[in-house]
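A.B. asks: Dropping the sequence and predicted coords here.
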Amino acid sequence: MTQGTRRERLRAATELEIREHARALLVARGRDAVTLRAIARELGITAPALYRYHDSREDLLRRLGDDICADLAAELTGGLRHLDPADFRGKLFSVCRGFRTWALAHPEEFALVFATRADETAEPGGAAPDAPDDRFAGVFIAVIGPLVIEAADLVRHDVSPPDPQSELSSNQQALARAFADRGVDVPPEVLDADSVFVLLRWWVRLYGHVALEVFGHFPFNLVSADRLYDSLLEELAAELGVARGPGGRGPGES
């Protein structure tokens, strides 16, 4: 084992400890509490010493957001392991319900990733991305990608409005790049205009519901949010063309 390897391991261990303390502060007291000074105090070192590991508070928050998204992706993917591989509806609903369950259980982590703009987390000295980089959407794309391929023959081809075809064409290209950036090989023929329209509707409506619920922004006291969310899933599944099974249950539902 070389000296360099030991140094790298020590550095990695320290970086992990820093992010663990940052996440604990985030969960306990919110984003504003995550400062280099507060973390240094917890670790018993000086704030300037932290700059050897993170160039700025924004850099630390970006890396913390990456950890949060990695944990979410692992949780959503793990929820699929115990389902029948042929149960498309069950897998789809598992991912969607899992996202809501995670968000409600981790409101501060959700808020950090949701509310952080791309230009706040750009690499030091680098240009901000051309468009906001929604990392939750990135998780959704990475997990849902294989299901998109699986559902290629399920998508109804009468759901997208006829007028915005040119806009959908641009979205097709952007979505194809997003899949490719996350290592998901989706055949071009799978991402036709109807598939893109369905995916956009799914994401906007699911994300919108979850964000409103996490932040408490429904216009009234919502008593049965879980039923409302499930009814949204049922509506979107019907639009997709995924029928319920015998007895009023979808595959994989008990």
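C.D. replies: Great, that's in hand. Fair warning: this is a prediction, and the values are worked out from it, not measured in the lab. Residues are numbered from 1 along each chain as shown.

A.B. asks: Next one, pLDDT for the closest residue in space to Ile68 that isn't next to it in sequence please.
C.D. replies: Computed as C-beta to C-beta, 6 or more residues apart in numbering, the closest residue to Ile68 that is not its neighbour in sequence is Glu109, at 4.6 Å. In short, each C-beta sits where N, CA and C put it, glycine included. Predicted confidence (pLDDT) for Glu109: 97.

A.B. asks: What ranges in this structure fall below the confidence cut-off?
C.D. replies: By pLDDT under 70, the weakly predicted segments of the chain are 1-4, 116-133, 151-169, 243-254.

A.B. asks: By residue count, what's the longest helix in it?
C.D. replies: helix 3-29 (DSSP state H).

A.B. asks: Name the residues of that helix that come out as buried.
C.D. replies: Thr14, Ile18, Arg19, His21, Ala22, Arg23, Leu25, Leu26 (16 or more other C-beta atoms under 10 Å).

A.B. asks: so can I have TSV of those residues showing distance to Ala74?
C.D. replies: What follows is those, written out as TSV (distance: C-beta to C-beta, whole Å):
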residue	distance to Ala74
Thr14	23
Ile18	21
Arg19	16
His21	21
Ala22	19
Arg23	15
Leu25	22
Leu26	19
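
A.B. asks: Which single one of those is nearest to Asp134?
C.D. replies: Leu26 (19.0 Å; C-beta to C-beta).

A.B. asks: Please, which helix or strand holds the residue lying closest to Leu212 once chain neighbours are set aside?
C.D. replies: Distances taken as C-beta to C-beta, 6+ apart put Phe218 closest to Leu212, at 5.4 Å, once the chain neighbours are dropped. Assigned by DSSP states H and E, Phe218 falls within no helix or strand.

A.B. asks: does Phe218 really touch Val210, like I thought?
C.D. replies: No - Phe218 is beyond contact range of Val210, at 11.6 Å (criterion: C-beta atoms under 8 Å).
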